[in-house]
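[1] A predicted structure for the sequence below; I have some questions about it.
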Amino acid sequence: MSISPASAFPAPAFTPGAYVTATYIIETSLPLEHAAEVLAGEQSTGTFVRVERESDAVRARFAAQVVSIDEIPPTAASALPGSVGDPALRRRARMRLRFPLDNFGPSLPNLLAAVAGNLFEMKELAAIRLVDLDLPQAFADRYAGPAFGIAGTRALMNRPTGAMLGTIIKPSIGLSPAELAEVVGELAAAGVDFIKDDELQGNGPASPLADRVAAVMPVLERHADRTGTKPMYAFNITDDIGRLEANHDLVVAAGGTCVMACINMVGLAGLEYLRTKSSVPIHGHRAMLGAMARSDQVGIAFGAWQKLARLSGADHLHTNGISNKFYESDAEVLAAIDAVRTPLLGLTPTVPVLSSGQWGGLAHATYEAVGTTDLLVLSGGGIHGHPDGAAAGVASMRDAWASAERGEPAEEAFAASEPLRRASERFGPVRV
Ligand SMILES: O=C(O)[C@H](O)COP(=O)(O)O
Ligand SMILES: [Mg+2]
């Protein structure tokens, strides 16, 4: 085994005066200030007892500091298991903690150990949720973020303006590669911009990644030869980190223009690794986010998580869509889309991906609420479940978004478009 030269491990530079500010919603039955100090101490220089070498000088330089505590109304939710104190005294607060960047350097995994590590286990806290992170520029100096983003994605799929419209292959699993190729041909002919594997379709024996690539890409290449446009297909290459590069290379060698990774399954470090190897946009699926973000009492909110995913290189990031099939309200979805659209440390803008229960009848309400077409809107059941087939499903989406972008009332689109009218018979009334 060869020993790497020391130059391969340059000492990280000190950045005095640089901080990460983490915002939490906490609940505690202890005095709020006390709980905040325990939290700040445990996640930086402290432990359960003051130790001899935790000098004032060490604290001054490395201790996390409580910046603010703002009490907010309690919820009716029960306390996290094992929390201590008199339940009758429980209070809730939004709290900001400032961590010296030098405690961890601009390293996302090590950042998370400080701002989202053991603190979820602290018995002093009856609830603790990380809701936001203010990160210094040093993170963008180290992490490249998206390589393609909105502009690069539009260029590759030849959709310079307007909403980017796509679909998820449904059924998610069960189609043979040959059947998949047929569906892809139909979708491409219908003018879809983007197609993706479902997050459930990885590399199983019934439809291995290599076979899907071999079946799908010739269909897309033939379509591109005829029309000059190659719809983007996001092959789900999620796997162990050691396989990501080979999976990516397989897709790119066949002419593929996108790879998809389930961010929480490969981890942020896996996504960042893929970013260093990828020559096509990375479609970031957020499956499993609910385990972190759904509870009001514990976890990491989408607003904080999406910053980490964007730094790690997600060109596309799922935000959910309005009237979705999952638990999030429209207000939460719109906040998520807004979060992804908010500039972050000068990174290339990531494309928000609106998915889950989407269909053409949601276009007007979505466009009115977000005011942009720099979106990738995905409709799985809403296209494949169209009463007249997937091609009509694509047409219903295109008609709806074109009408919304022209500023017409939804009723007008409904009256003018047979595919949209037929879609509404299956999926419900057009949202206005
Ligand atoms: O992976 C996705 O984004 C979902 O499977 C969406 O599917 P749906 O449009 O059928 O809800
Ligand atoms: Mg899915």
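    Arrived safely, thanks for sending. Ligands and ions are numbered 1, 2, ... in the order given.

[2] name the element the closest residue to ligand 2 within the stretch 151-300 of the chain belongs to?
    Going by C-beta to the ion, ligand 2 is nearest to Asp198 of the stretch 151-300 of the chain, at 4.3 Å. Where C-beta positions appear, they are placed from N, C-alpha and C, glycine not excepted. Counting by DSSP states H and E, no helix or strand carries Asp198.

[3] what's the neighbour count on it?
    17 (other C-beta atoms under 10 Å).

[4] thought it was touching Ile169?
    Yes. Asp198 sits in contact with Ile169 when judged by C-beta atoms under 8 Å, with a separation of 6.1 Å.

[5] Overlap in contacts, these two.
    Gly380 (C-beta atoms under 8 Å, 6 or more residues apart in numbering).

[6] Apart from its neighbours in sequence, what residue is nearest the residue of the stretch 151-300 of the chain closest to ligand 2?
    Nearest non-adjacent residue to Asp198, counting by C-beta to C-beta, 6 or more residues apart in numbering: Ser172, 3.4 Å away.

[7] Count the neighbours of the one you found for me.
    Neighbour tally, Ser172, other C-beta under 10 Å: 13.

[8] That one touches Leu200, doesn't it?
    Yes. Contact criterion C-beta under 8 Å: Ser172 and Leu200 qualify, at 4.5 Å.

[9] tell me the contacts of the residue of the stretch 151-300 of the chain closest to ligand 2?
    Residues counted as contacts of Asp198 (C-beta under 8 Å, 6+ apart) are 168-170, 172-173, 236, 380.

[10] residues near the residue of the stretch 51-200 of the chain found nearest ligand 1, how many?
    Closest to ligand 1 within the stretch 51-200 of the chain is Ile168: 4.6 Å, counting by C-beta to the nearest ligand atom. Neighbourhood size, Ile168 [other C-beta under 10 Å]: 25.

[11] again, but for the one 5 residues further on
    Applying other C-beta under 10 Å, we find 14 residues neighbouring Ile173.

[12] same question, Asp249
    Using other C-beta under 10 Å: Asp249 sits among 15 other residues.

[13] would you say it is within a strand?
    No. Under DSSP: H, G, I helix; E, B strand; the rest coil, Asp249 falls outside any strand and is assigned helix.

[14] Ramachandran angles for the residue nearest to Asp198?
    Torsion angles at Ser172 (phi, psi; degrees, to the nearest 10) stand at phi -60, psi -40.

[15] who are the neighbours in contact with it?
    Contacts for Ser172 (C-beta under 8 Å, 6+ apart) come out as 198-201, 380.

[16] Nearest to Gly270 among those?
    The closest of these to Gly270 turns out to be Glu199 (C-beta to C-beta; 14.6 Å).

[17] how near is that closest one to Cys262?
    Distance, Glu199 to Cys262, using C-beta to C-beta, to the nearest Å: 5 Å.

[18] Pull up the overlap in contacts between these two.
    With contacts taken as C-beta under 8 Å, 6+ apart, Glu199 and Cys262 have 236, 238, 285, 287 as neighbours in common.

[19] Surely the second one forms part of a strand?
    I take that to be Thr238. No. Per three-state DSSP, Thr238 lies outside any strand segment and is coil.

[20] Can you get me a residue count around it?
    Applying other C-beta under 10 Å, I find that Thr238 has 26 neighbouring residues.

[21] Now it: phi and psi?
    phi -50, psi 130.

[22] where do the strands sit along the stretch 51-200 of the chain?
    65-72, 91-100, 127-134, 164-168, 194-196 (DSSP state E, counting those that start in this stretch).

[23] among those, which is the most enclosed?
    Among the strands of the stretch 51-200 of the chain, strand 164-168 has the highest mean neighbour count (mean count of other C-beta atoms under 10 Å), at a mean of 27.

[24] Spatially central residue in the chain, please.
    Leu317 (4.0 Å; C-alpha atoms, centre = their mean).

[25] Identify the residue spatially nearest to it, adjacent ones excluded.
    Once flanking residues are discounted, Leu317 sits nearest to Gly284: 4.6 Å by C-beta to C-beta, 6+ apart.

[26] Thought Leu308 was touching the one you found, still the case?
    No. In this structure, Gly284 is not within contact of Leu308 by C-beta under 8 Å, at 10.8 Å.
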